[in-house]
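Enquirer: Based on what follows, work out the 3D shape:
(2 chains)
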Amino acid sequence: MAEAAAGGREAFDELVSRHQARIFNLARALVGDDGEADDLAQETFIRAWRALGRFRGDSAFRTWLYRVAINVIRSHLAARSRRRAVWGWWRHDTPGGMRTALDVADATDMERDAMRRELIDRALAALPPDLRMAVTLRDVEGLEYREIADALGVPIGTVMSRISRARARLRPLLAPLLSGATSGAGHHD
Amino acid sequence: MTEHLKDDEAAVAEVLRSRPAAAAPAEFADRVAARLAGESGWLGVADWRWWTLGVAPAAAALFVVAVVLGAGSADSTVSLTSATETWASGDRTDGRPASSLLWKADVAADTLLLTVLTAGPDDVLEEASTEGLGGVK
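Expert: Residues are numbered from 1 along each chain as shown, chains lettered A, B, ... in the order given. Just a heads-up that it's a prediction; the model follows:
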């Protein structure tokens, strides 16, 4: 870490390799699109590289990197929201479209995983960004409340409130999955 | 009722924890490395932020030097007010700064070049200078 902060490219490349999966997964869960998630994860590491000299080490590098990612994704979601406010009148997403796909008997495990992820990401997409980020960092990424508060720049009480409200809103959206909650894979580590 | 809500929350959290992680695309790290290499190579030099922020100290130093040197030679500069008044005074070329030839369309190219190369900042045109002789005084 110190070597990367001092400008060591090889050390930073190692950090990218170590954290790329969790940052990409976070972006995928928050924006619901592989291509956008790819771009945002790349942008996160580019900005992290530029700002590495300002990393003071008063939080874990992982938490700091999540904060960078959240800022990148938040800006992206705000811009996308503005675009959709203008152009969204002709675009209609179909959030319930994947439900029946989960029941397809001849789907492979990989396909089932993709479908399950897609359904969860679509449910997350129905939340306001603040709630979505809080609950994703907690339940999808497995961060502690203190780390989430640090990444989002809000008090822990606000984090807990947002997570609680997010789960309440997700309850009906995830109803098709609630009976068999433990059938999929989980965190990275 | 509270217990029921807690159960619901726990169930939702369990579903979210079971979300299959999305794997980063192939060669993701290589693409990041390529972008970083571009940043620190010649593409980085083309970054306008580098120019605006990185060159700011040099620009400030040059400004200070210009102010210090300018204060010492203030008497030798041409007064903008007097030059403007002279130019606005009609067709007379006599008394105009030599640099005013730059704005005259009917001056021969070699006359203009010679005047610009030889005239000082305080030199003014003689009447004959616009006739092609390039005289300054």
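
Enquirer: C-alpha only now, for contacts and for neighbours.
Expert: Fine.

Enquirer: Kindly provide the distance from the residue nearest to the spatial centre of chain A to residue B:58.
Expert: Centroid check for chain A by C-alpha atoms, centre = their mean gives residue A:26 as the closest residue, at 2.5 Å. Using C-alpha to C-alpha, to the nearest Å, we find residue A:26 at a distance of 42 Å from residue B:58.

Enquirer: what do you get for residue B:27?
Expert: From residue B:27 to residue B:58 the distance is 40 Å (C-alpha to C-alpha).

Enquirer: Same question for residue A:158.
Expert: Counting by C-alpha to C-alpha, the separation of residue A:158 from residue B:58 is 46 Å.

Enquirer: and the closest residue to residue A:47 other than its chain neighbours, what helix or strand is that in?
Expert: With sequence-adjacent residues excluded and distances taken as C-alpha to C-alpha, 6 or more residues apart in numbering or on different chains, residue A:47 is closest to residue A:68, at 7.4 Å. Per DSSP states H and E, residue A:68 falls inside helix A:61-87.

Enquirer: avg pLDDT for the helix or strand following that helix?
Expert: Using DSSP H and E, the helix or strand that follows helix A:61-87 towards the C-terminus is helix A:109-125. The predicted model gives helix A:109-125 an average pLDDT of 90.

Enquirer: Which SSE is immediately downstream of helix A:109-125?
Expert: Sequence-wise, the next helix or strand downstream of helix A:109-125 (DSSP H and E) is helix A:129-135.

Enquirer: Buried residues in that next one, which are they?
Expert: Using 16 or more other C-alpha atoms under 10 Å in any protein chain shown as the test for burial, helix A:129-135 gives A:129, A:131, A:132, A:133, A:134, A:135.

Enquirer: Can you name the element that comes right after it?
Expert: Moving toward the C-terminus from helix A:129-135, the next helix or strand (DSSP H and E) is helix A:145-152.

Enquirer: show me where chain B has helices.
Expert: Using DSSP state H, the helices of chain B run over B:2-17, B:28-40, B:42-45, B:48-49, B:56-72, B:80-87, B:109-118.

Enquirer: Reformat those into CSV and put distance to chain A next to each item.
Expert: Formatted as CSV, the helices of chain B follow (distance: least, C-alpha to the nearest C-alpha, whole Å):
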stretch, distance to chain A
helix B:2-17, 5
helix B:28-40, 6
helix B:42-45, 11
helix B:48-49, 12
helix B:56-72, 19
helix B:80-87, 46
helix B:109-118, 48
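
Enquirer: In CSV, list the ones you listed along with mean neighbour count, distance to residue A:34 and mean pLDDT.
Expert: Putting the helices of chain B into CSV (neighbours: other C-alpha atoms under 10 Å in any protein chain shown; distance: least, C-alpha to C-alpha, whole Å; pLDDT from 0 to 100) gives the following:
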stretch, mean neighbour count, distance to residue A:34, mean pLDDT
helix B:2-17, 18, 18, 85
helix B:28-40, 16, 12, 86
helix B:42-45, 13, 27, 56
helix B:48-49, 10, 30, 56
helix B:56-72, 11, 40, 84
helix B:80-87, 12, 62, 60
helix B:109-118, 15, 63, 79
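
Enquirer: How is chain B divided into domains?
Expert: B:44-77, B:80-131 (automatic domain parsing).

Enquirer: Quick check: the closest residue to residue A:137 other than its chain neighbours vs residue A:72, distance?
Expert: Leaving aside its chain neighbours, residue A:137 sits nearest to residue A:143 (5.7 Å; criterion: C-alpha to C-alpha, 6+ apart). Residue A:143 sits 18 Å away from residue A:72, taking C-alpha to C-alpha as the criterion.

Enquirer: And residue B:107, by the same measure?
Expert: For residue B:107, the distance to residue A:72 - C-alpha to C-alpha - is 59 Å.

Enquirer: Ok, residue A:56 next?
Expert: The spacing between residue A:56 and residue A:72, counted by C-alpha to C-alpha, is 20 Å.

Enquirer: Got phi/psi on residue B:27?
Expert: phi 60, psi 20 (degrees, to the nearest 10).

Enquirer: pretty sure residue A:166 is touching residue A:135, no?
Expert: Yes. The pair residue A:166 / residue A:135 is scored as a contact, 6.4 Å apart, by C-alpha atoms under 8 Å.

Enquirer: the bottom helix or strand of chain A by mean pLDDT?
Expert: Within chain A, no helix or strand scores below helix A:2-5, which has a mean of 63 by mean pLDDT, DSSP states H and E.

Enquirer: Give me the next element, helix or strand, following that helix.
Expert: Sequence order places helix A:9-31 as the next helix or strand after helix A:2-5, per DSSP H and E.

Enquirer: Contact partners for the nearest residue to residue A:32 once chain neighbours are set aside?
Expert: Nearest residue to residue A:32 in three dimensions, chain neighbours excluded: residue A:121, at 5.7 Å (C-alpha to C-alpha, 6+ apart). Contacts for residue A:121 were tallied using C-alpha atoms under 8 Å, 6 or more residues apart in numbering or on different chains; they are A:28, A:29, A:30, A:32.
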